[in-house]
Each structure stands twice: as structure tokens, then as C-alpha cells.
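A.B. asks: I'll drop the sequence and a predicted model, then ask my questions.
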Amino acid sequence: MASMAATADAAAMAATGPTPTSGIKASDGCADQTTDAWAQLNHPLCGTLTGMDLDAVRTFVTAADAGRFQDAAADLSVTPQAVSKRIAALERSLGVRLFTRTARGAQLTVDGQAFLPHARDLLRAEERAVAAVRPGRRALRVDVIGRRLAPATLLRDFRLACPGTELDVVTLFDADAAVDAVRTGTIDASFRAVPMPGRQLPDDIRASRVFDEPLQLLTGPDHALAAARTVSPAELVGQRIWMPGLVPGTEWAAYYDALAAAFAVTIEVTGPDFGTEPLLDTLAGSRTLATFVGERTHLVWPADHGLRRIAVREPTPVYPHSLVWHRDNRHPALAALRDHLAPGAFSGTGPAGRSSARGVHPGVETWVPAWA
């Protein structure tokens, strides 16, 4: 669960770099509309694409993201002169200027801004075209939010079930970053609680609910509830639930906001977030503080801490992990991962229904936010 106990792990991570792609040329991309990848683009600049060098397009996108030709050259392992030449050739091909040089680097012109999303489309199409004829040539890249959390365990289980599968595990910050990474092809899939309240996923994104993770209360040995085997949400009213790592705008903050509203539970977010270990130290010495963690969240603490993990029942709040992927992603390992997780598909009856989702025993009353 993306609870406060592991938020620091997720927040410390940033999106990784662009997925490597090969130097395929697109000389026939516009003339030959029989290839699905090109036909799907319906590119507005199709009339100018004859002979366009995708290495130049890739260089343009890298320079736009980096903001400086010198940084783009370092990312591409070429010289700054090579970057300048590729950009100049692309500008001649398009008949427009893409960058304006400034004291701070290179700034996109209006035409450059207009071309950028379509340039990304071209690179995604190239990657899909290569993957279509060379299946399984690269590792499946999956975002697991945090390496202590349930999605990482699910992915490890998949690796054990399919030992020949190569995986590249990353941790992105929030659902917005993860969905963007899936759309741009930086990652193949992500485990997230989606859609966010009041939002819809983009049309090209698919999601399947795969794991409902029961919530637990984590306390020190001297807490008033430390001896309880289970607690109900009603018993948590008036308790100090401390989660300083909740970041407004993230999906896990939205989850706990909904939980607090549903059960009149007060969740404190005051104070600096120093990470998981300092949190455990604080709980161990406190008679009043507690926090929420997921049942599958991996935590280790010194023996003298004496921390207690207490199940929450009647109902059991569950964190709804969904697998998110791009509709056009044909990576064979992604299909295998989806098949592996399929038995955990959600089959509950509503926000306070009874769920047979993977992670919850049949007949256990559960709660999830209405938006999930």
C-alpha cells in the first residue's frame, strides 16, 4: 500500500530516462500506410515525412527535454556539433525553425512546441514497430511505486512463476507520472490506484484492478490499542493517526482523504517526513501515535521496538492496486503478467461491498473509495 510508512521511498524516486530505441529510418512511413503503427499516427505532417531521419527526431525530443544541446549530446553519447547538425537537418526537412538559442540554452519555438507531441508519437511508433518483429528483446519495465510495497511483492511472485522473464523495476512518484510514463513508452506498466477522483484515464490507457490490500494499524508496544488483535474504523475515531509523508495531489493522499471522511478518522500530516526508519523509531516510543500500513508492506525494525501490526475489520479498508498499461503495448511479458494477475481481478459489489479480490478473504466486508 502506498501508505505513509513507505511514501518517502516513492517520493525519493524520479522517472527514469527514455527507453532506448533503434535507429530505424522512416523513409517509407508516409507512402506506405499498410503498417499499423504508421497508420495509427495519422500524422498531420505526413506530407513532409519522406526521408525523415528518426535519429534527428529523437535528438529533437531529447534536446527539448534537456533544454540544452550540450546536455542532449551527453544523453545521446554524441557531440554537441552532431546534435546541432541533426536539428538543422530536421528544420530544413520541415521548413520551420524548432529552437531559439538563449543564454540559458535552447528554447522551443511555437513550431517546435507544435511538433513535439507528434515527434514523441513517431518514436513510440518506431518502438512498437521494432517490438512487433523482435518480441521479448528487452526487459519488461514496471513501476511498483515503492520497493517495500505490495506491488513489488506481486512482481516478485510473477518472476518466480515465470523465471525466464527479464524485468526492469522502477519506482515513480505518483499516478500522474506513471500514466505519463506508460503513454510515452518509458515504462510498460505500473501498479496504481486509478482513476484519481474526478479524473478519467486517457483513451489509450488500460487498467485492471488486480490486488486489494487490507489496511493495518501500526503502533508502538505502549499504545492503548497495542494489545488488540483487530480494530474497527469506529474504534479509530479520536486516535492520532500520523502520516507526515502524505503528499497532496497524489493517489495515496486521495485514498486517505476519502478514508478519513468516510469514518471520521483524523489523519495528521504535520511535521517533516524523515522516512520509514525514523517513523518506526517514533512509533516505538509513543503511547498515542499510530499509522496505517498495507498488509503486504515490508517493514523491518529492531527487536526492542516491539511494534504491533493490527488488522482493521468491520469493514476492512483495502488499497486498490490496479495494473496500468498502454493499449498498444504488445510486449509478450506484459501479456504474461496480465495473465498471472488475472485471478485477482476485482469482483466486489461497491465501495462497502464484499470483495473476492486477491488479498482479501471471501466474505470479508471491505471498503474502498467510491472513485476506485
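C.D. replies: Sure, I can see it.

A.B. asks: mind listing the helices for the stretch 201-350 of the chain?
C.D. replies: 251-263, 276-284, 332-341 (DSSP state H, counting those that start in this stretch).

A.B. asks: Could you single out the most deeply buried of those?
C.D. replies: Each of the helices of the stretch 201-350 of the chain was scored by mean neighbour count; the highest is helix 251-263, a mean of 20, by mean count of other C-beta atoms under 10 Å. Any C-beta I mention is one placed from the backbone N, CA and C, and that applies to glycine too.

A.B. asks: returning to what we had before: quick one: which of the helices of the stretch 201-350 of the chain is nearest A226?
C.D. replies: Of all those, helix 276-284 sits nearest to A226, with 10.3 Å by C-beta to C-beta.

A.B. asks: Packing partners of the closest one?
C.D. replies: On a contact count with 3 or more C-beta pairs under 8 Å, 6 or more residues apart in numbering; DSSP states H and E, helix 276-284 meets helix 4-11, strand 289-294.

A.B. asks: will you turn the helices of the stretch 201-350 of the chain into TSV that also has distance to L98 and mean pLDDT?
C.D. replies: Converted to TSV, those look like this (distance: least, C-beta to C-beta, whole Å; pLDDT from 0 to 100):
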stretch	distance to L98	mean pLDDT
helix 251-263	35	95
helix 276-284	45	93
helix 332-341	34	94
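
A.B. asks: Output the ones you listed as a markdown table; include the columns distance to W242.
C.D. replies: Output for those, formatted as a markdown table (distance: least, C-beta to C-beta, whole Å):
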| stretch | distance to W242 |
| --- | --- |
| helix 251-263 | 12 |
| helix 276-284 | 8 |
| helix 332-341 | 33 |
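
A.B. asks: Select, out of these, the one closest to F191.
C.D. replies: Proximity to F191 (C-beta to C-beta) singles out helix 332-341 among those, at 9.4 Å.

A.B. asks: Centroid-nearest residue for the protein?
C.D. replies: A178 (3.0 Å; C-alpha atoms, centre = their mean).

A.B. asks: closest one to R138 among the helices of the stretch 201-350 of the chain?
C.D. replies: helix 332-341 (9.3 Å).

A.B. asks: which residues touch the closest one?
C.D. replies: For helix 332-341, contacts defined as C-beta atoms under 8 Å, 6 or more residues apart in numbering pick out 135-136, 139-140, 142, 154, 157-158, 161-162, 165-167, 188-189, 208, 210-211, 323, 325, 358.

A.B. asks: Which residues belonging to stretch 106-125 are considered buried?
C.D. replies: Of all the residues in stretch 106-125, those buried under the rule 16 or more other C-beta atoms under 10 Å are 106, 108, 112, 115-116, 119-125.

A.B. asks: Tell me how far it lies from the chain's centre.
C.D. replies: Between the centre of stretch 106-125 and the centre of its host chain there is 24 Å, according to C-alpha atoms, centre = their mean, to the nearest Å.

A.B. asks: And the average pLDDT for that stretch is what?
C.D. replies: Mean pLDDT, stretch 106-125: 94.
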